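Peer 1: let's see this in three dimensions:
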Amino acid sequence: MKKDLGPAGANLPALRSHNAALVLDLLRTAGGPGISRLELADRTGLTPQAVSKITARLRAEGLVTEAGRRASTGGKPRTVLRLVPSAGHAVGVHLDRDELTVLLADLTGATVAERRRPLDLGSGAGPVLDAVESEVRALLNRGPATDPTGPTGPTDPTGPTGGAGGVAGAAAAGGAPGAVVGIGVAMPGPLDHRAGVPGRVTGFPEWDGHPVRDELARRLGLPVVLDKDTNAAALGLALRPAAPGSFAYVHLGTGLGAGLVLGGALLRGDRTGAGELGHQTVRLDGPPCGCGGRGCLEVLCLAAVARGDLGEAARILGTGAANLVRLLDIDQVLLGGRVVLGAPGAFEDGVRAVLAGLGLPAPVTVAAGPRAVAEGAAWLILGPIFGQ
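Peer 2: Numbers count the residues shown, from 1 in each chain. Okay, here's the model as predicted:
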């Protein structure tokens with residue numbers, strides 16, 4: 001019999017109401033200083049009475065607490081409310097081609113525990129999902145990892161909590177932990193987000209059609225959402241305070257892809273195929289690519305990286321970014337991924353130079369850290385809590 005993973009559920013009690021989600025999102029973005037009921041009413045368009053009922057329920061369920069009082073321009077001081085980050089958690093999983101990252105995030109998206117281990121995505125769904133199950137169980141402190149050294153390599157439990165991670169670690173840091181709401185999983189595409197099934201992942205066709213979402217949900221007893229790695233990272237970036245309304249997140253790591261946010265909303269496409277930037281053909285007689293095409297951005301860019309020619313890699317990446325800016329009229333290009341983070345100045349300057357040379361005004365910034373995909377995977381679960 002499988003061990004219970006502890007407090008879980010697809011829905012926190014307060015999440016039945018769309019209006020409650022609006023209130024929770026304003027509390028999230030207000031941060032530690034909090035926000036008053038009157039401000040909540042003004043910003044949501046709800047009546048003060050409705051806000052009072054919603055916040056009373058949120059307080060009773062432990063999601064919201066008082067954060068002091070604020071001087072008023074007239075009458076008595078206003079009580080300020082804030083979100084309780086530890087009232088709920090989500091697991092974010094990044095299945096990269098050669099590494100597995102699993103983290104636990106609180107309701108603000110902050111990472112409270114993290115585990116990493118080497119991974120061979122080509123070893124097949126069975127061994128890889130065994131590793132995911134093992135690491136999630138270890139992260140949540142519901143028994144040790146069942147195979148600490150198995151086919152994907154040894155576990156590295158280090159992270160922001162210094163190794164004492166999981167729900168127990170979160171509780172030690174700040175009181176009793178809340179429910180684990182679900183697990184977000186991000187992996188290379190193509191895949192079908194709605195069905196929770198990968199397609200013919202470039203270089204790993206054996207994943208085609210495997211029911212990743214449903215199998216992990218059955219193994220772990222928690223709701224699971226599956227999406228592309230670049231979509232997950234873009235979602236996490238879009239939910240940051242003061243995020244640009246329309247941007248392309250361009251990711252260069254073990255592969256090359258993009259996550260697209262237009263008008264504040266993540267663009268997946270009808271078949272989760274949007275953002276396959278790496279497989280734009282830019283050289284008709286170029287080298288063959290694992291996708292079946294020739295002269296794709298990904299194969300050209302990764303070849304330049306392998307030669308140590310980061311200037312050329314940045315120029316190729318800039319060409320792809322310029323195509324996105326022209327096609328979608330986006331406000332900003334955000335860069336991330338393992339290769340970019342290894343030389344952020346070279347890639348930021350190189351991509352910016354390509355756009356400037358073409359008269360394209362979109363700013364270019366290295367905006368994503370090494371956990372961007374795993375953090376974004378957690379937001380696949382957390383986002384709906386806040387109506388996102």
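
Peer 1: just the buried positions in the longest helix along the chain, please.
Peer 2: Taking DSSP state H as the criterion, the chain has its longest helix at helix 310-328. Residues of helix 310-328 classed as buried: 310, 312-325, 328 (neighbour count, 16 or more other Cβ atoms under 10 Å). Using the backbone N, CA and C atoms, a C-beta is placed for each residue, glycine as well.

Peer 1: for stretch 354-364, same thing?
Peer 2: By 16+ other Cβ under 10 Å, the buried positions in stretch 354-364 come out as 354-355, 360, 362, 364.

Peer 1: list the contacts of it.
Peer 2: Residues outside stretch 354-364 that contact it (Cβ atoms under 8 Å, 6 or more residues apart in numbering) are 314-315, 318-319, 321-322, 325-326, 330-333, 335, 348, 351-352.

Peer 1: lowest-confidence entry in those?
Peer 2: Lowest in pLDDT among these is residue 331, which has 89.

Peer 1: circling back: C-terminal to the longest helix of the chain, what's the next element?
Peer 2: Proceeding N to C from helix 310-328, the next assigned helix or strand is strand 332-336, under DSSP states H and E.

Peer 1: and that next one, how far from the chain's centre?
Peer 2: Centre-to-centre, strand 332-336 and its host chain are 15 Å apart (Cα atoms, centre = their mean, to the nearest Å).

Peer 1: contacts for it, please.
Peer 2: Strand 332-336 is contacted by residues 233, 237, 244, 246-252, 317, 321, 324-325, 344, 347-348, 351, 355, 362-369, 372 when judged by Cβ under 8 Å, 6+ apart.

Peer 1: from those, which land in helices?
Peer 2: Per DSSP H, those map to helices at 233, 237, 317, 321, 324-325, 344, 347-348, 351, 355, 372.

Peer 1: pick the one among those closest to residue 298.
Peer 2: Closest approach between these and residue 298, by Cβ to Cβ: residue 317, at 10.1 Å.

Peer 1: okay, that closest one: pLDDT?
Peer 2: Predicted confidence (pLDDT) for residue 317: 97.

Peer 1: how about residue 156?
Peer 2: Residue 156 is assigned a pLDDT of 45 by the prediction.

Peer 1: before we move on, back to that, from the buried residues of stretch 354-364, which has minimum pLDDT?
Peer 2: Taken together, those show their lowest pLDDT at residue 362, with 90.

Peer 1: how about it, nearest residue that isn't a chain neighbour?
Peer 2: residue 325 (4.8 Å; Cβ to Cβ, 6 or more residues apart in numbering).

Peer 1: isn't the one you found right next to residue 246, touching?
Peer 2: No - using Cβ atoms under 8 Å as the test, residue 325 is too far from residue 246 to be in contact (10.2 Å).

Peer 1: I am finished for the moment; much appreciated.
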